[in-house]
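J.: dropping a prediction and its sequence here:
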Amino acid sequence: MSDTNELCGKHVTVMGLGRFGGGIGVTRWIRQLGATVTVTDQADADALAESIDQLADLDVEFQLGSHDVSLLAKTDLLIVSPAVNKDKSRFFGQAVLRQVPWTTEMNLFFPRCRGRIIGVTGSVGKSTTTTMIADVLRSAVKSMPSEERPSVWVGGNIGRSLLEDLPRIQASDYVVLELSSFQLEDLSVLQLSPSVAVLTSLQPNHLDRHGTFENYAEAKCGIFAYQEPATDHAVVCGEDGAAVQAAAATLGGLNGVWLYGLDEDGQPTAIRQGTRTEASETPTVETWEELVLDLPGRHNRLNAAGAFAVGQALRVPTETWSNALRDFEGLPHRLQHVADVDGVACYNDSKSTTPEAAITALRSFDRPVVILLGGYDKKASYETLAECVVERARAVVCYGATGKKIHQAIDAKLELDSELVVFDADGFDHAVELARRTAEPGDVLLLSPACASWDMFPHYEARGEAFCKAVSGEDR
């Protein structure tokens, strides 16, 4: 069903509404096209109350608490959430056996979008890089005459669904999409890639879904796989060896690829060797020497370098970037500065759900750090994180399902003369309380859990909000 007009009068089942409301946009869009819609989710109505409320004005049927296979008998099209593990879902498996056509929200949006799509993926850094690119493009278009000024849209795995905006997105517009490995894996069915594609990093993640790191890397690199060599641009973090290697394997080499990084002074650089269709021994080298960024951490300057490389690919004037990012405040729950309390700088990095992310956060500060670690057990190894904690932290508070495991990993790395203090907390509130009592003026109090939130919170946002309230005194 490539023509949306064909959906009028058809019965569409949306599989996966979610606590984040991921199915809301596609449900509203499909209903506007005249389809009859059933939304099914394994969670019950109480758990999904907020998402259901956002569909209260629509005539939509809900099948909640389980996926009833009998729905498939009347389903003309199944729309599957990226969160659904299709290899393990009995409902999806039955849909395939019964030859029910299926698709995803991104697969519906991508081929119908008239704007120039800039796709961003990566194990870490993709949300911040996506937002930086959008901010700079918005700054760039302001200098254009209003009648010629393109719009800048942001969506995908960040922000809201853009399906309902399709009629307003013009061919001259920029559409910046954050794309997950799950979304890219599904897009490969359509053999489509963005005209500008960015890979920020590549580290083992979501192996419970992809099985192996090789499969995960292949899904990520689908962002390049179907680009047009003569017109499209591939942008890769040149400092990430795994990302460079995987991109080169997908693209048949790095000719014409923009490789970005930081020079010895910490300034963004973007280098391109020739073009995708013609090799050159003389690379194009661009350096942005005026970056002023009010965010901690080298990794954030590296994210800005990725945005800079996209700007070079799109020929955005360099001075535009400095103006746009000088006041960039970052995103909530990603090394977000919450408050300064009694001389202690409090940072919310609840989006840190892997040991690698917590390591990045720890390395962002040159002051003593009191860090909170713990959460849902995804069976990760904490050995490398423990080494970084012993090297850089002044105190650690371990909590949650992984608290004891992380504590044991740290103990295994401690030297006899180490002054590092490690606490075990009974719960999240107790963990924050211990951290607040331990932190001294001049310290950084950092929530960067290295784990998912699901042992105590429905999502990392709820965990971050609880931390923000606690350190700012709003919970008193």
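T.: Yep, it's here. Just so it is clear, the structure is predicted and the values come from calculations on it, not from any experiment.
J.: please name the bridge partners of residue 117.
T.: Per DSSP bridges, the residues bridged to residue 117 are residue 175.
J.: tell me the strands in the stretch 1-150 of the chain, going along the chain?
T.: 11-15, 36-41, 61-64, 77-80, 102-103, 116-121 (DSSP state E, counting those that start in this stretch).
J.: just send those back as JSON lines, with mean neighbour count, distance to residue 295 and mean pLDDT too.
T.: In short, each C-beta sits where N, CA and C put it, glycine included. Converted to JSON lines, those look like this (neighbours: other C-beta atoms under 10 Å; distance: least, C-beta to C-beta, whole Å; pLDDT from 0 to 100):
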{"stretch": "strand 11-15", "mean neighbour count": "23", "distance to residue 295": "37", "mean pLDDT": "97"}
{"stretch": "strand 36-41", "mean neighbour count": "22", "distance to residue 295": "36", "mean pLDDT": "97"}
{"stretch": "strand 61-64", "mean neighbour count": "15", "distance to residue 295": "40", "mean pLDDT": "96"}
{"stretch": "strand 77-80", "mean neighbour count": "22", "distance to residue 295": "36", "mean pLDDT": "97"}
{"stretch": "strand 102-103", "mean neighbour count": "18", "distance to residue 295": "38", "mean pLDDT": "97"}
{"stretch": "strand 116-121", "mean neighbour count": "26", "distance to residue 295": "17", "mean pLDDT": "98"}
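J.: turn these into TSV, including distance to residue 290.
T.: Output for those, formatted as TSV (distance: least, C-beta to C-beta, whole Å):
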stretch	distance to residue 290
strand 11-15	47
strand 36-41	49
strand 61-64	53
strand 77-80	45
strand 102-103	45
strand 116-121	23
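J.: out of those strands, nearest to residue 271?
T.: Residue 271 lies closest, by C-beta to C-beta, to one member of the strands of the stretch 1-150 of the chain: strand 116-121, at 19.1 Å.
J.: that closest one - contacts with which helices or strands?
T.: helix 126-141, strand 174-178, strand 196-199 (3 or more C-beta pairs under 8 Å, 6 or more residues apart in numbering; DSSP states H and E).
J.: let me see the mean pLDDT of the second one.
T.: Per-residue pLDDT values across strand 174-178 average out to 98.
J.: ok, now stretch 354-370?
T.: For stretch 354-370, mean pLDDT rounds to 94.
J.: just the buried positions in it, please.
T.: 354-365, 369-370 (16 or more other C-beta atoms under 10 Å).
J.: can you check stretch 67-87 too?
T.: Those would be 67, 71-72, 75-82, 84, 86, for stretch 67-87 by 16+ other C-beta under 10 Å.
J.: kindly check the end-to-end length of that stretch for me.
T.: In stretch 67-87, first residue to last residue: 15 Å (C-alpha to C-alpha, to the nearest Å).
J.: cool, and stretch 71-88?
T.: End-to-end for stretch 71-88, by C-alpha to C-alpha: 18 Å.
J.: please apply the same query to stretch 337-351.
T.: Terminal residues of stretch 337-351 lie 13 Å apart, using C-alpha to C-alpha.
J.: going forward can the numbers begin at 226, since that is how I track them
T.: Shifting the count to begin at 226 puts that one at stretch 562-576.
J.: contacts for it next, please.
T.: By C-beta atoms under 8 Å, 6 or more residues apart in numbering, the list of residues contacting stretch 562-576 from outside reads 352, 521, 555-561, 582-583, 586, 592, 661, 664-674, 678, 685-686, 688-689, 692-693, 696-698.
J.: mind checking which of the residues you listed are in strands?
T.: When DSSP state E is applied, those are split such that 561, 669-672 fall in strands.
J.: now residue 511, what are its backbone angles?
T.: Main-chain dihedrals, residue 511, degrees, to the nearest 10: phi -120, psi 140.
J.: try residue 455
T.: According to degrees, to the nearest 10, residue 455 has phi -80, psi -20.
J.: that one contacts residue 503, correct?
T.: No: using C-beta atoms under 8 Å, residue 455 is not in contact with residue 503, being 9.8 Å away.
J.: quick one: distance of stretch 324-336 to the chain centre.
T.: Its chain's C-alpha centre and that of stretch 324-336 lie 21 Å apart, by C-alpha atoms, centre = their mean, to the nearest Å.
J.: hey, C-alpha coordinates of it in CSV?
T.: The C-alpha trace of stretch 324-336 is given here as CSV (Å, rounded to 0.1, in the frame of the first residue of the first chain):
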residue,chain,number,x,y,z
GLN,A,324,0.6,-12.5,4.8
VAL,A,325,-0.7,-9.4,6.5
PRO,A,326,1.2,-6.4,4.9
TRP,A,327,3.2,-4.6,7.6
THR,A,328,5.2,-1.4,7.8
THR,A,329,6.5,1.2,10.3
GLU,A,330,5.9,4.9,10.9
MET,A,331,9.4,5.8,9.5
ASN,A,332,8.8,3.6,6.5
LEU,A,333,5.6,5.5,5.8
PHE,A,334,7.2,8.9,6.3
PHE,A,335,10.5,8.5,4.5
PRO,A,336,9.3,7.9,0.9
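J.: contacts for that stretch next, please.
T.: In this structure, residues lying in contact with stretch 324-336 by C-beta under 8 Å, 6+ apart are 226-227, 247-248, 250-251, 254, 297, 300-307, 317, 320-321, 342, 380-381, 386-388, 391, 402, 404, 408, 411-412, 414-415, 417.
J.: apply 7 Å and report the result again.
T.: Here stretch 324-336 makes contact (C-beta atoms under 7 Å, 6 or more residues apart in numbering) with 226, 250-251, 297, 300, 302-305, 307, 320, 381, 386-388, 408, 411-412, 414-415, 417.
J.: all helices of the stretch 376-525 of the chain, in order?
T.: For the stretch 376-525 of the chain, applying DSSP state H, counting those that start in this stretch gives helices covering 406-412, 432-435, 438-445, 447-450, 466-476, 523-538.
J.: winner for burial among those helices?
T.: helix 523-538 (a mean of 25; mean count of other C-beta atoms under 10 Å).
J.: so what's residue 391 closest to, chain neighbours aside?
T.: Closest residue in space to residue 391, ignoring its immediate chain neighbours: residue 337 at 5.6 Å, by C-beta to C-beta, 6 or more residues apart in numbering.
J.: could you list the low-pLDDT ranges of the chain?
T.: 226-229, 245-246, 505-507, 699-701 (pLDDT under 70).
J.: mind giving me the domain ranges of it?
T.: Per automatic domain parsing, the domain ranges recorded for the chain read 232-328, 333-550, 561-697.
J.: any idea how far apart the tips of the shortest one sit?
T.: Taking C-alpha to C-alpha, the first and last residues of domain 232-328 lie 13 Å apart.
J.: how far away is the closest residue to residue 307 other than its chain neighbours from residue 334?
T.: Excluding the flanking residues, the one nearest residue 307 by C-beta to C-beta, 6+ apart is residue 407, at 3.9 Å. Between residue 407 and residue 334 the computed distance is 15 Å (C-beta to C-beta, to the nearest Å).
J.: and for residue 675?
T.: Using C-beta to C-beta, residue 675 is found at 33 Å from residue 334.
J.: lovely, talk soon.
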